[in-house]
Structure formats: structure tokens, C-alpha cells
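**Student:** Need coordinates for the below:
(one chain, ligands or ions: 1)
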Amino acid sequence: MGFLEIQNVRFSYGQQRNIIDHVSWQIEKGEFHCLLGRSGCGKTTLLKLAAGLLQGEDGQIMINNKKVTKPSNEYGFVFQSPTLLEWKTAIENVLLPIKLKRKIKEQDQLEANNLLAQVGLAEHIHKFPSELSGGQQSRVAIARALIQKPIILFLDEPFAALDAITREELQHDLLQLCKEQETTVLFITHDISEAVFLADRIAVLDRGKIIFDTIINLERPRLENTRYSVSFNTYSKKIRDVMGSKHI
Ligand SMILES: Nc1ncnc2c1ncn2[C@@H]1O[C@H](COP(=O)(O)OP(=O)(O)OP(=O)(O)O)[C@@H](O)[C@H]1O
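**Tutor:** Next comes the predicted model:
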């Protein structure tokens, strides 16, 4: 059984039937999976089901052998909008999930400093979100999600609003951090190159069904050159064909 186990899950929004149409999927512990698909195909809905934010009509979701019935503070989330508290500094935002549970200790401060340094924000820890760029705010959101060492990390198009180079830098930083913490990851994107660069495995969703999946057998660590390799382009082309080239 996978660490995340999605078993034959179906979900409808009222009259909109089978937005998720009997999907099964599993992620082994420490693996990084990308769910790829065109706008409106049901990616966010499937992520919400996996994280316990929505309940399916049929099937079940298991994380670490436990049935998922509601969200847990053992899970980490990063959304497209960084959703930082404007009146708190970068480091205070990172420490927030801990502060909501208990008193902050010196070790937590060190950990927050360390995470912010790893995402290139060592000199910005006392800045407020309004003083940070969009990319820097996304970095804070990643550090905030990882400070609690979540057993699983859910990311919903976290880099979609960023420029191409910043996005590549963040993809690189995210892989580093997840590797260090051996985090299990479900990452949603509509960007084929992003998915191929990040993933151990990719599932393509179309109208609520997984229509294709592939293991991405590219060497790790993934480097800038990885993006220009023949294998990278072969994977990208295959997925692009599956998703329908006339639409892209
Ligand atoms: N709260 C809701 N109530 C009713 N319908 C919804 C709701 N949320 C999403 N939908 C519909 O469900 C379908 C799937 O939406 P979802 O957000 O899961 O897609 P997505 O693949 O994540 O799209 P995008 O890439 O544009 O974010 C869409 O047709 C959408 O209009």
C-alpha cells in the first residue's frame, strides 16, 4: 500500500457529476508526484480530496495507513497565492504554524532561519510581505509549509504566477528541501516542463480521469542541464501528445 493511497475516488459538485471520476493513485513514501492537466480538469479538486479538504462520494483516501476524513496539521500546503500575514515578518510567518500549536523555542527560530536561508532569504527574514517580491513570498510560503516537517506536502500550482527563471530557481530549491526532509509530495501543475523537471512520477488528468501516467526516469539531482537533455524532451513531447497538441 502506498503512503498516499487514493482508491477509486469519485466526487461531484452538486449537479456537476463526476468531476473526479473513479480515480486511483498511490505515492510511495518520499516520492515526488506531479498531477498534470489542463484548466478545469479537476486537479485542485483531487488535491483537496487527497488532503481531506473535500470528501468523496465513493472510494477512500489513506495517508500513512490512516483513512483521511479531514485535514491534519501533519500535512503541509502551498497554494498559488502565498497567503502570508501582511502584519508579520517573513520569519514570523514561517513560525506561525508552530506558534498556533505551542510556545516558540530557540530551536524553532534556528530552524526557521535555516529554512529561509536555504530558499535564499537570509537577508530578508525581518521584512514584511509587502517588502518582498512575489517569488520571495512564495519562498516564505514553502519554508512555512516545511517547518513542521509535514508527512506529506500538497502544492497547488505554487509557482504559476512567477516569471520563468524565478520559477526554475524555486523548483530547484523545493527539490533540495524535500530531499533533505524526505517529504512525500503531491504537486499540481499545468506546466509540462515543470512536472517533468520535478517528478518521480506524473499522472495526467482529463475530465476527472487519469488518462496517462509515467515514471520520470531522469537522474537526480535534477540540474539546469536536465532541462535540455534528450530524455527530458522525449518525456515532454510524449506528455504533450497525450494532452492534445492542438490545444497547447
Ligand atoms: N466549489 C465549486 N463548486 C462547483 N464547481 C466547482 C467548484 N470548484 C471547481 N468546480 C468545477 O469543477 C471542475 C474542476 O475544477 P478544479 O478547480 O478542480 O480544476 P483544475 O484542473 O484545478 O483547474 P485550474 O487548472 O484552472 O485551476 C471545473 O469545471 C470547475 O468549474
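
**Student:** Could you check how far Ile192 is from Leu36?
**Tutor:** Ile192 sits at a distance of 7 Å from Leu36 (criterion: C-beta to C-beta, to the nearest Å). C-beta here means a position set from N, CA and C on the backbone, and glycine is covered the same way.

**Student:** residue nearest the centroid of the protein?
**Tutor:** Note on the chain: the residue nearest the mean C-alpha position is Leu155, at 2.3 Å, using C-alpha atoms, centre = their mean.

**Student:** where's Phe154, which helix or strand?
**Tutor:** Secondary structure assignment for Phe154, by DSSP states H and E: strand 152-156.

**Student:** Name the next helix or strand downstream of the lengthiest helix in the chain, please.
**Tutor:** Assignment by DSSP state H gives helix 164-181 as the longest helix of the chain. Scanning forward in sequence from helix 164-181 by DSSP H and E, the next helix or strand is strand 184-189.

**Student:** relative to helix 164-181, how tilted is that following strand?
**Tutor:** Going by axes from the mean of the first three to the mean of the last three C-alpha atoms, to 10 degrees, strand 184-189 is angled at 170 degrees with respect to helix 164-181.

**Student:** hey, C-alpha coordinates of the next helix or strand after strand 184-189 in CSV?
**Tutor:** The C-terminal neighbour of strand 184-189 among helices and strands, as given by DSSP H and E, is helix 192-198. The C-alpha trace of helix 192-198 is given here as CSV (Å, rounded to 0.1, in the frame of the first residue of the first chain):
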residue,chain,number,x,y,z
ILE,A,192,4.6,20.0,-18.6
SER,A,193,8.3,21.1,-18.2
GLU,A,194,7.7,21.9,-14.6
ALA,A,195,6.2,18.4,-14.0
VAL,A,196,9.0,16.6,-15.9
PHE,A,197,11.7,18.5,-14.0
LEU,A,198,10.3,17.8,-10.6
